[in-house]
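K.L.:
What shape does this take:
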Amino acid sequence: LIQEAYAQAPQDPCTRIYLTEYYTSWRMFQQAAAHNQTVLTLASGILRTIGLKQLASIQIKQRRYQEAIPPLQEAIARDPQVLELHQLLGACHRALGNAQKAEEEFALESALRREQAPPWSR
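P.N.:
Next comes the predicted model:
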């Protein structure tokens, strides 16, 4: 179904986001990166933020933690309220042995989680 959508609209960033997820889940990182590059070239707004997160996820799954940091930082600059971005950045810093930076990101994520929680659960 995704391939069908791709055939009909090869430049659609949403289709490319789905293809990036598909290929990443099968650990076909070269194909995932090719589709992700198109997302980053074409998309703006939230779709670009998603593309940046996908790029970082591909790099993390390949244990390329240092390379994953810049796209995560850009994504956080675009949308600092996304918990998962802080969690991924903290994990990268921890994997690289940067305990202080990891703790800072995890603390930010925790504060955001409390802030975003529904009022009845605080």
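
K.L.:
Where do the strands of the chain begin and end?
P.N.:
Using DSSP state E, no strands are assigned anywhere in the chain.

K.L.:
what's near enough to touch the residue most central in space within the chain?
P.N.:
Closest residue to the average C-alpha location of the chain: residue 53 at 1.3 Å, with CA atoms, centre = their mean. By CB atoms under 8 Å, 6 or more residues apart in numbering, the contact list for residue 53 reads 71, 72, 75, 82, 84, 85, 88. The way it works is simple: take the backbone N, C-alpha and C, and place the C-beta from them, glycine included.

K.L.:
Show the buried residues in the residues you listed.
P.N.:
Taking 16 or more other CB atoms under 10 Å as the criterion, what is buried in the contacts of residue 53 is 71, 72, 75, 82, 85, 88.

K.L.:
ok, the second one to residue 121 distance?
P.N.:
For residue 72, the distance to residue 121 equals 27 Å [CB to CB, to the nearest Å].

K.L.:
next one: the third one
P.N.:
Applying CB to CB, one obtains 26 Å for the distance of residue 75 from residue 121.

K.L.:
follow-up on the earlier one: just the closest of the buried ones among the contacts of residue 53 to residue 61, please.
P.N.:
residue 88 (11.1 Å; CB to CB).
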